[in-house]
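> Build me a structure from this.
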Amino acid sequence: MMIDHEDLSRWIAQFSHAVEARDLQRIGGMFADRSYWRDILAFSWDLRTFEGKEQILHMLDRTLADVRPTNWSVVPTSRADNSSEGWITFDTALGRGAGYIRLTGGLCATLLTTLQELKGFEERTGRRRSRGAEYGVSNDTRNWLDQRRADNAAIGVTKQPFVIIVGGGQGGLALGARLKMLDVPALIVDRHPRTGDQWRDRYKSLALHDPVWYDHMPYLPFPETWPVYTPKDKMGDWLESYASIMELDVWNSTACTGASFDESTQDWRVELEKNGKPLALRTRHLVIATGNAGKARVPQFPGAGSFAGTQYHSSQHPGGDGFAGKRVVVVGSNNSAHDICADLWQHGADVTMIQRSSTHVSRSQTLMELTLAPLYSEAAVTAGMTTDKADLLLASIPLRLLPDAQRPVYQEMARRDADFYSRLEAAGFTHDFGEDGSGLYLKYLRRGGGYYIDVGASELIADGRVKLRSRVTIRQIEPAAVILSDGSKLAADTIIYATGYGSMDEWIADIVSPDVAAKVGKVWGYGSGTTGDPGPWEGELRNMWKPTRQTGLWFHGGNLAQSRQYSRYLALQLKARFENVDVKRLD
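Numbering: from 1, shown residues only. I've put the predicted structure just below:
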């Protein structure tokens, strides 16, 4: 049956009364048999998805007495496409929340609840923004610059940070900005000489594959003049400007060389090397914000040590300058492999891609139109879709349901771009839409790879300008050639391994200890049972933006959109601990 806005508000009102009365039997009758409640901090102080009435009611039975949710309300909206769903707001004993609900047959099918702010500890934004310059006569002669310099000099010297963030890319900076607005002392350490060098130091042709509307940073969205797809050096300069404008405490040319947790004091001793000099700081919380991957993964092929040319991982690719006339073998067929092959071809190299396993390819424009445009596009903005609303809507689909939601999208993509895929396959390229047909986004969540967003390299492969050898691997490396598993031989001056990365727990093994890394477990993926994402089922990304099995150790990262959205929730968890808020997390 069709549910109108009045009925949606009526459901919320009835639910609110039942929750306040803690009437679990009545609440259970308001949820569909196959229902999902995704909670981000508001009830569980965790990122958790509860599947089915039994799990939902068990969660409420354990949390309602402390959470005491009230003031449930449907957010008015001009959207008329589906009146059985909508954004909601509510209060808890500790904070204010927002979420999204979907009804089916008058019953709740999915519910998202998120904590947006802590009462009494709100962000210094909008009406709560700082005054800045203080007018009037005072004995304090310091201006803003004096105070900023004093703060910079104190952090890590006379003032120990409550949080140390390892990694000054978009993830570390987004989290640093959130913490700054919550008055939580945080220090960002990064090994690069300048903020943004993570992007500047990559190969010359690199640009973001996601559109500008998807990539805004917290508090400071890209201006309306910003290009749709950001070139890498422009991105690096933006991050450097962002750190300055947001007044973040960043130590560049600083490597984290070790860390140990003191159980007696419940804090970390973090060993750093700043500008070549060792020092140690104390902090209560250590956040690894180095992306969503671990160390570069380089396969060990027999004879690699005998190779007379140059070989390196794709992360070290300097760009195509100087490769004219060189015979280059690129091992791999995902984003980096395609980008590097195109870069080398543009600079006159003789390039061959070795595709060892099937890869999903989405044309950039089609991907934009079919997946992101309803939420993140100029049309979405014009229709009143704010970034915060879009983030909530995206977060409202439980991982269990995402494959079913995504398959029709990629079926339409296959239909729309049938000629494109036929040409690729005719060139020998092995293509897939994911093991279950759910496409790119699920591959990203499950394994962080296995796909390419086509911005031009696929045409080079389809027409043979970039050579392709698929369904093979390297059997042996000789001084000037590689021998493939089918017995064929490729002459080579350079071998580039675009073979991906390991899990972020590898950094913990190096920085803290292998024992702590083993205790924490793998990072990323959610236990889908597909390639690269082993079980068990988590229902949320493993160890991301949430407490780990090691006290005071956190992981933060992902793409720009995830860094923006989930930095809010990680910052709130850290703020609660900074203010000694009584956080009762579900086991």
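> list the contacts for I477?
I477 makes contact with 301-304, 306-307, 483, 495, according to Cβ atoms under 8 Å, 6 or more residues apart in numbering. Yep, even glycine has a C-beta here, placed from its N, CA and C like the rest.
> Generate a ChimeraX selection restricted to the buried subset of those.
Applying 16 or more other Cβ atoms under 10 Å to the contacts of I477 leaves a buried subset, and the ChimeraX line that selects it is:
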select :301,304,307,483,495
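> where along the stretch 451-587 of the chain do the strands fall?
For the stretch 451-587 of the chain, the strands defined by DSSP state E, counting those that start in this stretch occupy 451-454, 467-470, 474-478, 481-484, 489-491, 494-497, 553-555.
> no wait, the stretch 251-400 of the chain
Counting by DSSP E, counting those that start in this stretch, the strands of the stretch 251-400 of the chain are 254-262, 267-274, 277-283, 285-288, 310-313, 327-331, 350-355, 360-363.
> I'd like these laid out as TSV, including distance to E85, mean pLDDT and mean neighbour count.
Output for these, formatted as TSV (distance: least, Cβ to Cβ, whole Å; pLDDT from 0 to 100; neighbours: other Cβ atoms under 10 Å):
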stretch	distance to E85	mean pLDDT	mean neighbour count
strand 254-262	44	97	18
strand 267-274	43	97	18
strand 277-283	42	97	14
strand 285-288	34	98	25
strand 310-313	45	97	16
strand 327-331	45	98	24
strand 350-355	41	98	23
strand 360-363	27	97	22
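> S567 is nearest to which of the ones you listed?
strand 285-288 (10.1 Å; Cβ to Cβ).
> N139: which of the contacts of I477 is nearest?
Of all the contacts of I477, N139 sits closest to I495, with 67.3 Å by Cβ to Cβ.
> Would you mind confirming that that closest one makes contact with S306?
No: with contacts defined as Cβ atoms under 8 Å, I495 does not count as touching S306, sitting 11.9 Å away.
> quick one on the thing from earlier: indicate which one of the strands of the stretch 251-400 of the chain is closest to I101.
So among those, strand 360-363 is nearest, using Cβ to Cβ, at 30.2 Å.
> Name the strands paired with that closest one and say parallel or antiparallel.
strand 451-454 (parallel) (DSSP bridges).
> Next up, the contacts around the closest residue to T352 other than its chain neighbours.
Once flanking residues are discounted, T352 sits nearest to K467: 4.1 Å by Cβ to Cβ, 6 or more residues apart in numbering. Taking Cβ under 8 Å, 6+ apart, we find K467 in contact with 350-353.
> Longest helix in the protein, by number of residues?
helix 560-578 (DSSP state H).
> mind saving the C-alpha coords of that one as PDB?
Written as PDB, here are the backbone C-alpha positions of helix 560-578 (Å, rounded to 0.1, in the frame of the first residue of the first chain):
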ATOM      1  CA  LEU A 560      37.100  11.600   0.500                       C
ATOM      2  CA  ALA A 561      33.400  11.000   1.000                       C
ATOM      3  CA  GLN A 562      34.000   8.500   3.700                       C
ATOM      4  CA  SER A 563      36.700  10.600   5.300                       C
ATOM      5  CA  ARG A 564      34.100  13.500   5.500                       C
ATOM      6  CA  GLN A 565      31.200  11.500   6.800                       C
ATOM      7  CA  TYR A 566      32.800   9.100   9.200                       C
ATOM      8  CA  SER A 567      35.200  11.700  10.700                       C
ATOM      9  CA  ARG A 568      32.200  13.100  12.400                       C
ATOM     10  CA  TYR A 569      31.500   9.900  14.200                       C
ATOM     11  CA  LEU A 570      35.000   9.100  15.100                       C
ATOM     12  CA  ALA A 571      35.500  12.600  16.400                       C
ATOM     13  CA  LEU A 572      32.400  12.300  18.600                       C
ATOM     14  CA  GLN A 573      33.700   9.100  20.100                       C
ATOM     15  CA  LEU A 574      37.000  10.800  20.900                       C
ATOM     16  CA  LYS A 575      35.200  13.900  22.300                       C
ATOM     17  CA  ALA A 576      33.100  11.700  24.600                       C
ATOM     18  CA  ARG A 577      36.200  10.100  26.000                       C
ATOM     19  CA  PHE A 578      38.000  13.500  26.300                       C
END
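> Rounded mean pLDDT for it, please.
Mean pLDDT, helix 560-578: 98.
> Can you tell me which helices and strands it packs against?
In terms of contacts (3 or more Cβ pairs under 8 Å, 6 or more residues apart in numbering; DSSP states H and E), helix 560-578 is packed against strand 107-118, helix 170-181, strand 285-288, helix 387-395, strand 553-555.
> what comes into contact with the very next helix or strand once past the first one?
To tie it back to what came earlier, the one meant is strand 107-118. Next in sequence after strand 107-118, counting helices and strands by DSSP states H and E, comes helix 144-154. Contact with helix 144-154 is made by 132-133, 142, 247, 249, as judged by Cβ under 8 Å, 6+ apart.
> Repeat that for stretch 539-549.
Contacts of stretch 539-549 (Cβ under 8 Å, 6+ apart): 46-49, 51, 292, 398-400, 445, 504-505, 519-527, 554-558, 566, 569-570, 573, 585.
> picking that back up, kindly reformat the contacts of helix 144-154 as TSV containing pLDDT.
Output for the contacts of helix 144-154, formatted as TSV (pLDDT from 0 to 100):
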residue	pLDDT
G132	81
A133	72
R142	80
E247	96
D249	97
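> Thanks a lot, catch you later.
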